[in-house]
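Student: structure for this input, please:
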Amino acid sequence: MAFPPTTSSPPGRGRGLLHSRPVLLVAFAFAVMADPVSSVAYAIEAALRALDGNLSLLLATMGLVVAVIALVIVNYHQLVARFPQGGGAAAAAGRAFGEPWAFIPIGALIVDFVLTIAISVSAGASAVIDYVPDLGSWRTALALILLALVAGLTWFGHIGRAVFALMTLAFVASALAVLAGALHAPVAHTGTVSHHSAHVASIAVVLAFPVAMALATGVEAPSSAIAQLAQLDDAGRRRFGRVTLWLTLAIVGTLTLGLTAAAVHLKVGIPGANSTQIGDLAHAATGSGVYAFFQLSTALLLLSAASSSFQAGPGLLKALARYELPGGASRGILAGFLGRTNRHHTPYWAVVLFLAVSAAVTVGAAGHEQTLVLYYAVSVFMSFLAGLVAMATFAWRERGLGSVLLNGLGALVVAFTLAVNLGRGEPIASLAAAVILAGVLYAFWRRAGRPRGIAEVVSEAEHLSEEPQAG
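Tutor: Alright, predicted model coming up:
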């Protein structure tokens, strides 16, 4: 994710409230967590569909999802401590195994950005259609309009950390209102509900939870985004990254389990063609005013998540693009035009590239986010796996038995989740895309003479997002 810097004043006189560390932390944390919080809008429904509508198993399934996210966050708590200047899994893999291995998480990250954009605008379209069902026949067109709108706004520079944070806070507030309403609402009995699964309960839960691991997308963002906090020292960035990780778990976990329990209590099942489960839940639990606010905040948060990837993805390509150094030397591995920026410091050709690819993915899924969920968790779990295996390697070299066990357990759980998703067949496309991208980037790297610093390119991309705004 990419956000402009918040300039801090030196300690002492003249330092206003808006530049204080608590305010900076809130703005940073709630902006960075926009992606995983927005995933609540479709992850619970994805799990229910994987359970064939068996509501009795939904809470156990989402509980397992949150537990896996907690395990990943415990491991990334260590990763942030080791890499307080940012870089995430790419920095860890590059340092543990050699720079070429950084291309694995980088390739996965690029695929994740594309899917985040496509699934977010599709889910945003679904939120609008849920409120205005007559737009159902225009689903794909509506998703593409939202996609073009987000890309157009990106063209004019960063929206800003505060706006992302406000969108996240608005969604959290509306979700809490839905939870409060659900305590007293009558049982709705909406959608399709079954009382059996294709497998025994334990196996059904184990096979269903990986689909809902789309909820985990973005939980690793603090490990890279802390690179934006140039006004802080390593200790400050480490503290901000760790607090954001745990705050993300607390908020995403609470909303996920709370909304899941509410859906089970009110008997809100698999929705119809022009509605969403979370929209049906909001409608059943609250009055029309809260329902309208919930749908609006959901759509805006989803578009914020798409916008963050529209900034971070092109920013990563910009960091990889070739440019001339004084003296005639060059740096970078991709075509130089991908790094060209407008007066707002937006790498416009990179934005156009992400727009084209995301539009193709959106059209291929016909604007249905539930179709894309099957592909979503694969790429981010590839990045998780690279980061956790790297951390286990560090722990082994340093003879830290406790860390070896923790990182090893995390890597095994992530590998299992990845394997189950790949076993469904279609998500192999995400794996193939990430591997092909990693291979292409590696080939360009070799052609460029194997320049040093590839393992830090994700951190560098975050630093590039701190360029001052023109005009």
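
Student: gap between residue 109 and residue 231?
Tutor: Shown here: residue 109 relative to residue 231, a distance of 25 Å by C-beta to C-beta, to the nearest Å. Glycine gets a C-beta too; all of them are placed from N, C-alpha and C.

Student: neighbour count for these two, which is higher?
Tutor: Legend: neighbour count by other C-beta atoms under 10 Å for residue 109 and residue 231, higher for residue 109 (26 against 17).

Student: and the helix or strand hosting the more buried one, how far out from the chain middle?
Tutor: Secondary structure assignment for residue 109, by DSSP states H and E: helix 103-131. Relative to its parent chain, helix 103-131 has a centroid offset of 8 Å by C-alpha atoms, centre = their mean, to the nearest Å.

Student: what do you get for stretch 145-157?
Tutor: Counting by C-alpha atoms, centre = their mean, stretch 145-157 is centred 18 Å from the centre of its parent chain.

Student: mind listing what's buried in that stretch?
Tutor: Buried residues in stretch 145-157, counting neighbours by 16 or more other C-beta atoms under 10 Å, are found at 146, 147, 150, 151, 153, 154, 157.

Student: output the contacting helices and strands for the helix or strand encompassing the third one.
Tutor: Using DSSP H and E, the secondary-structure element containing residue 150 is helix 139-155. When contacts are defined as 3 or more C-beta pairs under 8 Å, 6 or more residues apart in numbering; DSSP states H and E, helix 139-155 sits against helix 103-131, helix 288-320, helix 348-364.

Student: now do the next helix or strand after it against helix 288-320, angle only.
Tutor: Reading on from helix 139-155 to the C-terminus, the next helix or strand found by DSSP H and E is helix 161-182. Orientation of helix 161-182 against helix 288-320 (axes from the mean of the first three to the mean of the last three C-alpha atoms, to 10 degrees) gives an angle of 150 degrees.

Student: re earlier: TSV please, covering the buried residues of stretch 145-157 and showing pLDDT and distance to residue 70.
Tutor: Rendered in TSV, the data for those read as follows (pLDDT from 0 to 100; distance: C-beta to C-beta, whole Å):
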residue	pLDDT	distance to residue 70
146	95	32
147	96	33
150	91	31
151	91	34
153	84	34
154	82	32
157	67	36
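
Student: from these, which two are the most distant?
Tutor: 146 and 157 (19.3 Å; C-beta to C-beta).

Student: by mean pLDDT, show me the worst of the helices and strands packed on helix 139-155.
Tutor: Mean pLDDT is lowest for helix 288-320 out of the helices and strands packed on helix 139-155, coming in at a mean of 91.

Student: which strands or helices does whatever helix or strand comes next after that helix pack on?
Tutor: Counting by DSSP H and E, the next helix or strand C-terminal to helix 288-320 is strand 323-324. Here strand 323-324 touches strand 330-331, going by 3+ C-beta pairs under 8 Å, 6+ apart.

Student: which residues touch the residue nearest to residue 340 when sequence neighbours are not counted?
Tutor: Leaving aside its chain neighbours, residue 340 sits nearest to residue 349 (5.9 Å; criterion: C-beta to C-beta, 6 or more residues apart in numbering). With contact set as C-beta atoms under 8 Å, 6 or more residues apart in numbering, residue 349 has these partners: 337, 338, 340.

Student: and if you look at residue 220?
Tutor: Here residue 220 is in contact with 72, 76, 88, 89, 380, 383, 384, 387 (criterion: C-beta under 8 Å, 6+ apart).
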